[in-house]
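A.B. asks: Provided below for reference: sequence and predicted model.
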Amino acid sequence: SGGGRDKSAADDSGGGGNAPGSSGYTVAFITHETPGDTFWDKVRAGAEQAAKDEGVTLKYSNDPDAAKQAGLIQSAVDAKVNGIATTLVTPDALAGAVTSATAAGVPVVGLNGGIDQYQKLGALMYFGSDETLAGESIGKRIAGQGAKHPLCVIHQTGSVALEARCDGVKSAVPGTENLQVNGADDSAVTTTLQAKLAQDKSIDYVVTLGAPIALDAINAKQQASSPAKIVTFDLNQEIAKRIKAGEVVFAIDQQPYVQGYMAVTSLYLYLKNGNDIGGGRPVLTGPSFVDQTNIDKILPFTEKNTR
Amino acid sequence: MRRTLRLLARPEAGALAAAVVIFVFFLAVAPSFRSLAAFCTVLYQSSTIGIVAVGVGLLMIGGEFDLSAGVITISAGLVNSMFCWYFGVNMWVGAALSLLFCLAVGFLNGWLVMRTGIPSFLVTLGTFFVLQGANLGVTKLVTGSVSSRDVSAIDGFDSLRTVFASSTTAGAATIWITVLWWVLFAGVAGWTLQLTRIGNWIYAVGGSAGSARAVGVPVVRTKIGLFMVVSFLGWFVGMHLLYRFNTLQAGNGVGNEFLYIIAAVVGGTLLTGGFGNASGVAIGAFIFGMTSLGIVYAGWDPNWFKAFLGVMLLLAVLVNTYVRRLSAGKAA
Amino acid sequence: MRRTLRLLARPEAGALAAAVVIFVFFLAVAPSFRSLAAFCTVLYQSSTIGIVAVGVGLLMIGGEFDLSAGVITISAGLVNSMFCWYFGVNMWVGAALSLLFCLAVGFLNGWLVMRTGIPSFLVTLGTFFVLQGANLGVTKLVTGSVSSRDVSAIDGFDSLRTVFASSTTAGAATIWITVLWWVLFAGVAGWTLQLTRIGNWIYAVGGSAGSARAVGVPVVRTKIGLFMVVSFLGWFVGMHLLYRFNTLQAGNGVGNEFLYIIAAVVGGTLLTGGFGNASGVAIGAFIFGMTSLGIVYAGWDPNWFKAFLGVMLLLAVLVNTYVRRLSAGKAA
Amino acid sequence: MSDPLVQLTGVGKSYGPIRALYDVDLRVGAGEVTCVLGDNGAGKSTLIKVISGLHPHTSGSLRVDGAERRFSSPREALDLGIATVYQDLAVVPLMEVWRNFFLGSELVAGRFPLARMRIREMRRIADQELRKMGIVVADIDQPIGTLSGGQRQCVAIARAVYFGARVLILDEPTAALGVKQSGVVLRYIAAARDAGLGVVFITHNPQHAYLVGDHFVILKRGAAVLDAARGRVTLDELTTQMAGGDELAELSRELGRPA
Amino acid sequence: MSDPLVQLTGVGKSYGPIRALYDVDLRVGAGEVTCVLGDNGAGKSTLIKVISGLHPHTSGSLRVDGAERRFSSPREALDLGIATVYQDLAVVPLMEVWRNFFLGSELVAGRFPLARMRIREMRRIADQELRKMGIVVADIDQPIGTLSGGQRQCVAIARAVYFGARVLILDEPTAALGVKQSGVVLRYIAAARDAGLGVVFITHNPQHAYLVGDHFVILKRGAAVLDAARGRVTLDELTTQMAGGDELAELSRELGRPA
Ligand SMILES: Nc1ncnc2c1ncn2[C@@H]1O[C@H](COP(=O)(O)OP(=O)(O)OP(=O)(O)O)[C@@H](O)[C@H]1O
Ligand SMILES: Nc1ncnc2c1ncn2[C@@H]1O[C@H](COP(=O)(O)OP(=O)(O)OP(=O)(O)O)[C@@H](O)[C@H]1O
Ligand SMILES: [Mg+2]
Ligand SMILES: [Mg+2]
């Protein structure tokens, strides 16, 4: 039989590292991940690699509901961790919890979201990209390619981060239209997109906000025989192949692995050495474009789940 | 006249009327809905909900719930995909294994419900959580990421795709094989309910388990069987997803268990059991699929999507109730 | 002896035993669970579920469901926040308006259920969708984004925060006011159920609406009242969320309706109505809150989170059932 | 004879397509027992459901104290002092015996927001009224669903008798009862009559009916076929009318055994 | 007298803390009618639930055809030819009349995966058996919940008689029935006896019991207080024993009306 697992490279993608917890630090890593999202899987992989490299004990937890995320931060404070890395996509909702962490003397580092507010909340550093900015850069790029009426696909109702991305696209291409889909069901995503493409033939670009959604968009585009081009946020192995095949024009990558890795590392350095990465300013991990020009270099990394 | 009234008195008459009303409504407001292609898309969408909904409907007529019916579709696909990917065996072997796995889950659900006396809502809620966690945990362990790997190159993939996820195109219309399966399953379920002894038992265990037991109906076996039917149909849809999309996101499938219940209830199934029928459930799934896509075809503001959906659903149920009341008042 | 057995026979005894078992379990496996601060966090988390769950429990004892109970919390907060932000009026005015709005939604739910005879599952599903859509649509319209604006500078905010979202710290322990409200509401609900005429009516309309009506219980008013209680408590939690977090995400709250039902059922409420009690529901919420945070304190792999949650829930329910059976077998 | 408490004129009732009552006249006078007799499915229960407000009638007129009424809920009938024991809607199985006894007519102390039930008193009364009927339940707190069929029926009867103000309607109250309990119920009926209440008594037992009845109405397929006062009809005639033949004696002959 | 079909020796049954039966003996012989009598709550229904397999007994022994048994489900009893009419578990309200009639014993044609019910035949038989009892339902397809109490009871009885193979157990079958229907049921019982079936007949009506009974057992608070063959007891004695006094006559005197 063909296909299947590549047996030689099956185990141990990271390699190296210290004994867990050998540095004596415990870091809580809290995100607003909806369980099972490939993007967050990479953030977490980066964080775990950093923890391994630096001998930090990592406690990862997540909840998409802002109030519950605040609860997770509070429980990390209760558990007396040495540092907290958290996403700040809903800064107002998390302000109280972050303040109580800093008040308890626990250093907090922000990542992924909250670039404008992290300092106000008392977080020391920030690693991530600006969602709106990322949206804008996609918008600018497709506008340059002649986009008039792109479709921005929101796969999670009412998500602040996703809405910000679409707003960014819209600010560059005013003809942008949003669409809500049920991201938990591939066939529902496909048919909804198919219906939308059939309903509005003038759609020339489909902007998806997550890699798995882009795959469904490819299916839908074929079904609806639509000429629309597909661009996407985030990357995974499958999408990398599609970029290489030309089915996806480009992906915008905010390097989630780096966000996870740096957030843990920066806490480690801060605790151990008092370092401040970024010099009081946010450290941007993206956006970086992945298209046919650089895909060959990136493809191998996607297979290791690090890009 | 008498004949039409008799027809109107059938439980699915109301659901059918509601479906027609909503269909005509969308024909009127959404120009792009008026094409065979659109109708086929709606049918496909309905079939992916409808197949499992048929089972869930039977189970609800039998007086029980299954909240694990949504995630089990993904579990089914993952078991097949990862087993074959890891060991490099033929996909048919994995599909069979996955079927066994699903039937075992269904059996366990039923057995726990009957054995411990804990309501099925809680037992299957437990299974739901466990499967959801296991999907994610195991996939991560096996593949190193949260989605399964591409298995399209493994032997047997193509023949399985033909069975579970092929489509034929005639002009603008694309008929997916799932639509045929859906009709088939609904037909078999309807036949079983109306014409066989087991159908009689299903109504009885849902309507009054005590009385059913007292006249010698094998209540335990009937209910466990129903749980297994649901997980069988869940497996079926899982196979479709796998062979249509090659890779599966381990976190998906959550929330669909709710859609199945909605389809069943919109189709006239009683939440408390003992009443309903298969064609009603199928129509319920169709109403849901048509409504959710119809809103897109109509191009309404997506921010209000759910609000429209809610209003349309209420409308469907109102028409349904009204027609049934009308027929009950006049027939005889 | 007799006394203890009598106590064991109370419906909440099982739930309490389950809570103790799980509490001890986490004390054993999660070192960071062993602090007063952690306990307070668990209490807080439980209270945000528990407050609405008390109402949902009452409603379920009365034989109905409310699937809109989760989103209405957010609707409540949004109405208050956006009204005051847009018109710049005192927050108390907005809060009162929001209360009226929520009570109206509750009334509408109940009225539709009683008037049309459509099962509450479907009616409130409709409301759920409509509110969910409206939350998003209106928020986008008013604020241009999917979250409400910061209203902490508007008059009345601080006094309202004291009422709905203040906390006192004693040493490491932070007690949120919601915990007190939760205990209060559970107490009032328990008192009402056990000792007042309305409690009698609630059990009766849930246990057998026909019989209740036949002996002159005002079934319609009782049920509508219950729906309004649920939406009142939803409003209350919405106020807490608003005054604790200043801004609200319009898409939140979805899924919580399920947690309330879970808490009620874990606490021994019958899904089919007519049986259960308030302290059981409160304990159910506590079990749920404790379990979901306990897993975090224990530091278990979050990929498996749901699997652990499922197992713990099943465990809780098993202990509950076992204890109740034990007491039923021995008491006299 | 005084003015009738309840008077039905030409009352009819359909359940959707099924017509259960045609054009029935009935009067319930104070201090009188009106017996309604008839085959299974004759429409007896339907008739009393109309009077007690459970189903509104679809034609004809219903007068209480001379005023035309059309009840939309049993509460309205109860408020006019009409208490009913139903054949199949008697009790809420999961609720305690005493809660069932007082359901809808709870004794409360205090004012609204703080009004609480006088539980101890209610339990005492419930227990006492049941004992009067010869029913001793192990635990007045046990769910009524665990009582025997006859015990449950007794709770419903005791309740109606206790709360019956002016009209008492009993649908086959003695069906599930033993000889002793039946006797108690018949005495209750007599006592209620003597206290000036109007009683409607449905039964299949002509002896029981004849023991207490002042007035007999026989229904057949939804229509009244006999309507006579006590003086105008003998027990034998009644039995014959009910069964279409002197069934018991005939049966006894037929089965060929010495009685 | 032949060997007993069913023999109970020292049977006891507790519902959790509540003891409903103590040490009861009972024999059901072929071609005999055993009447079980007693007050409300005496344990009659509990006794027959033990025989019909609904609740297993907690002490004592139950023998069928001489072999010791302990049923864990009614199916086992049915398979041994024991058919039962329950007092409160008779029918599934939402199901059609004919489906209820054949529930658990459906007539099928064809082999398993394609076996379908012989619906036309089942409807015909159900209708015919009900007509035999004098019950004409408007529509055999109507949900049984819309029938009157007595009509529902008749369906349950007709079913048990139709399927009763060797032992027929009837728990207050005539309670909700009219005089005519009661007569029919008593004739059924006599016919079953003459066909060699063993019958257990529970009733509160001593006349009914004496008409067909060969053997009488009176229960009081869960224990047997009388166990006599027909020859040894008169109707009057039976009535007296049941009620603790000649209730009806006394009542008739007390209520002071000519009978
Ligand atoms: N809810 C209902 N829907 C439809 N038909 C009904 C309903 N209730 C009663 N019926 C029909 O109306 C007729 C009269 O029923 P009813 O219950 O009044 O009889 P009844 O005289 O009380 O009989 P019984 O002595 O057996 O109690 C019956 O044929 C029954 O099938
Ligand atoms: N499921 C149960 N749980 C607890 N107690 C029960 C249960 N069923 C019956 N009992 C009790 O057992 C006793 C006997 O009940 P049973 O039903 O056998 O009486 P019965 O002789 O049939 O009375 P009736 O003539 O009123 O039908 C009663 O005191 C009753 O309360
Ligand atoms: Mg009746
Ligand atoms: Mg009995």
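C.D. replies: Yes, it's here. Ligands and ions are numbered 1, 2, ... in the order given.
A.B. asks: count of residues packed around the closest residue to A:Val89 other than its chain neighbours?
C.D. replies: If the residues on either side of it in the chain are set aside, A:Val89 comes closest to A:Gly113, at 3.3 Å by CB to CB, 6 or more residues apart in numbering or on different chains. (C-beta placed from N, C-alpha, C; glycine too.) A:Gly113: 25 surrounding residues under other CB atoms under 10 Å in any protein chain shown.
A.B. asks: which residues in chain A form helices?
C.D. replies: Secondary structure of chain A (DSSP state H): helices located at A:38-54, A:66-78, A:91-103, A:118-121, A:131-144, A:160-172, A:186-199, A:211-223, A:237-245, A:256-273, A:295-303.
A.B. asks: and the residue of the stretch 101-250 of chain D that's closest to chain A?
C.D. replies: D:Pro113 (32.0 Å; CB to the nearest CB).
A.B. asks: pretty sure that residue sits in a strand.
C.D. replies: No. Read with DSSP: H, G, I helix; E, B strand; the rest coil, D:Pro113 is helix and lies in no strand.
A.B. asks: enumerate the residues of the stretch 101-250 of chain D near chain E.
C.D. replies: D:134-135, D:138, D:142, D:146-151, D:153-154, D:172, D:175-183, D:186-187, D:190, D:204, D:206-207, D:210-212, D:235, D:239, D:242-244, D:247-248, D:250 (CB under 8 Å from any CB of the partner chain).
A.B. asks: the residue nearest to B:Phe157 when sequence neighbours are not counted: neighbour count?
C.D. replies: Excluding its sequence neighbours, the residue lying closest to B:Phe157 (CB to CB, 6+ apart) is B:Met91, at 5.1 Å. Residues within reach of B:Met91, counting by other CB under 10 Å, total 28.
A.B. asks: residue contacts, B:Met91?
C.D. replies: B:Asn80, B:Cys84, B:Val151, B:Ile154, B:Asp155, B:Gly156, B:Phe157, B:Leu160 (CB atoms under 8 Å, 6 or more residues apart in numbering or on different chains).
A.B. asks: just B:Val317 next, same as before
C.D. replies: B:Ala18, B:Val266, C:Ile118, C:Leu122, C:Val123, C:Gly126.
A.B. asks: which ones among those residues map onto helices?
C.D. replies: Mapping those onto helices (DSSP H) picks out B:Ala18, B:Val266, C:Leu122, C:Val123, C:Gly126.
A.B. asks: any idea how far the second one is from B:Ile22?
C.D. replies: As for B:Val266, its distance to B:Ile22 is 11 Å (criterion: CB to CB, to the nearest Å).
A.B. asks: ok, now the last one?
C.D. replies: Computed with CB to CB, the distance linking C:Gly126 and B:Ile22 is 14 Å.
A.B. asks: more neighbours: these two, which one.
C.D. replies: Neighbour totals were compared for C:Gly126 and B:Ile22, and C:Gly126 leads with 26 against 20 (other CB under 10 Å).
A.B. asks: where does pLDDT dip in the stretch 101-250 of chain B?
C.D. replies: By pLDDT under 70, the stretch 101-250 of chain B contains no weakly predicted segment.
A.B. asks: from it, which residue is nearest to ligand 2?
C.D. replies: B:Gly210 (10.7 Å; CB to the nearest ligand atom).
A.B. asks: what helix or strand does that residue sit in?
C.D. replies: Using DSSP states H and E, the element containing B:Gly210 is helix B:209-214.
A.B. asks: can you name the element that comes right after that helix?
C.D. replies: helix B:219-245.
A.B. asks: is chain A contacted by that following helix?
C.D. replies: Yes. Applying CB under 8 Å from any CB, one finds helix B:219-245 touching chain A at B:His240, B:Leu241, B:Arg244, B:Phe245.
A.B. asks: and the residues you listed, which is closest to ligand 3?
C.D. replies: B:His240 (53.5 Å; CB to the ion).
A.B. asks: next one: that closest one from B:Leu293, what distance?
C.D. replies: 18 Å.
A.B. asks: now B:Ala172
C.D. replies: 16 Å.
A.B. asks: return the residues of the stretch 51-200 of chain D in contact with ligand 3.
C.D. replies: Applying CB under 5 Å from the ion, we find that the stretch 51-200 of chain D lies next to ligand 3 at D:Gln87.
A.B. asks: what parts of the stretch 51-200 of chain D come near chain C?
C.D. replies: So the stretch 51-200 of chain D meets chain C at D:52, D:54, D:73-75, D:78-79, D:84, D:86, D:89-95, D:99, D:102-106, D:108, D:115-117, D:119, D:159 (CB under 8 Å from any CB).
A.B. asks: which of the residues you listed are buried?
C.D. replies: D:52, D:54, D:73-75, D:78, D:84, D:86, D:89-95, D:99, D:102-106, D:108, D:116-117, D:119, D:159 (16 or more other CB atoms under 10 Å in any protein chain shown).
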